[in-house]
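> Make a model of this:
(one chain, ligands or ions: 3)
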Amino acid sequence: MTPEQVLAEFRDAQALLEGHFVLSSGLHSGVFLQKMAIFSDPVRTERLCKALAATITERFGPIDIVVSPAIGGIVPGYETARHLGARAIFVEREPGGPFTLRRGFSIPAGTRAVIVEDIVTTGLSARECLASLSGEAGEIVGAACLIDRSGGRGEIGLPLVTLVTLDIPAYPADALPPELAALPAVKPGSRVMKA
Ligand SMILES: O=P(O)(O)OC[C@H]1O[C@H](OP(=O)(O)OP(=O)(O)O)[C@H](O)[C@@H]1O
Ligand SMILES: O=C(O)c1cc(=O)[nH]c(=O)[nH]1
Ligand SMILES: [Mg+2]
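Residues are numbered from 1 along each chain as shown. Ligands and ions are numbered 1, 2, ... in the order given. Below is the predicted model:
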C-alpha cells in the first residue's frame, strides 16, 4: 500500500479531523487522526493491517506475539496479528496509572514480539508500553504503527516501521498559535491527564 492509498483510507473514512485537540502527550494540535473511524470498518482495517503485517515481516522477520497499548492499539494489534499468524495481546491501564500486562498475558522466553500502535505522535505511549514489558522473558524486536505523525522524530527505544510518516504540528499548551487558541479544545483519547 502506498502512503497515498493509506491517506485515502483515512480521508474516505472521515478520519482526518480538523479543530483543536489535546493529544495523549498533552500537546495540542489542529489535526486529529480519528482511528476509530477506521477500526469501526473491518474491511478497511483489514486492508491497512495486512499492509502493516507485510511491512513488519520485511523489517523484523517472523513474529510470535503482537502487543498493543489499549485502547487504540487493540483492534489494529489483533488484525495485524491475524495476518502475521501471531497471537495478539495488549497492555492496559487503571485510569491515570501505568500500562500493565494483565489477563494472563505474557511474552514467554524464546518468543519474538512486536509492539503495534495505531498512531505515533511523540512515541510516549509506545515507550510506556515497552517499559511495562521489561519483566517479560521474550524479545521485543521492534514497533510498528499505521501512521507516524511525528515526522519520524518519535522516540520509542525500538526501531519503528510505519505505513506513512507525516509531520503534523503539535504545540505545548503555553505556545498555541492564535488560530488554535481561538477554538475550544477537545480531548478524544483515553489517557487521564493529571492536574
Ligand atoms: O505517541 P503518543 O504521543 O503517545 O500519541 C499517540 C497515542 O495517543 C493515542 O492514544 P491515547 O492515549 O489518546 O488513548 P487511546 O489509545 O485510548 O485512543 C494513540 O492511540 C496512541 O497510543
Ligand atoms: O497524539 C494523540 O493522542 C493522537 C493523535 C492522533 O492523530 N490520533 C490519535 O488517536 N491520537
Ligand atoms: Mg493509544
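> mind checking the SS state of Phe21?
When classified by DSSP: H, G, I helix; E, B strand; the rest coil, Phe21 comes out as strand.
> so where does the residue lying closest to it once chain neighbours are set aside fall, helix or strand?
Excluding the flanking residues, the one nearest Phe21 by C-beta to C-beta, 6 or more residues apart in numbering is Phe32, at 4.2 Å. (Glycine included, C-beta is placed from N, CA and C.) For Phe32, the host element (DSSP states H and E) is strand 28-33.
> and that strand, which residues are buried?
By neighbour count on 16 or more other C-beta atoms under 10 Å, the buried set for strand 28-33 is His28, Ser29, Gly30, Phe32, Leu33.
> any idea how far that strand is from the chain center?
Offset of strand 28-33 from its chain centre (C-alpha atoms, centre = their mean, to the nearest Å): 15 Å.
> which residues does Leu17 bridge with?
Phe32 (DSSP bridges).
> now do the one 4 residues further on
In this structure, Phe21 bridges to Ser29, Val186 when assessed by DSSP bridges.
> Name the residues of the protein found near ligand 1, please.
Contacts of the chain with ligand 1, taken as C-beta under 6 Å from any ligand atom, map to 23-25, 69, 71-72, 117-125, 154, 189-191.
> Report the buried members of those.
Buried, going by 16+ other C-beta under 10 Å: 23-25, 69, 71-72, 117-125, 154, 189, 191, out of these.
> In strands, which of these fall?
When those are checked against strands (DSSP state E), the matches are Pro69, Glu117, Asp118, Ile119, Val120.
> Is it possible to get TSV of those residues that adds pLDDT?
Below are those laid out as TSV (pLDDT from 0 to 100):
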residue	pLDDT
Pro69	98
Glu117	98
Asp118	98
Ile119	98
Val120	98
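> Can you pull the phi/psi pair for Val66?
Main-chain torsions, Val66, degrees, to the nearest 10: phi -100, psi 130.
> picking up where we left off before, spell out whether the strand holding Phe32 and ligand 3 are in contact.
No. Counting by C-beta under 5 Å from the ion, ligand 3 has no neighbours in strand 28-33; the shortest distance is 11.3 Å.
> Tell me what angle that strand forms with strand 16-22.
Taking axes from the mean of the first three to the mean of the last three C-alpha atoms, to 10 degrees, one finds strand 28-33 and strand 16-22 inclined to each other by 140 degrees.
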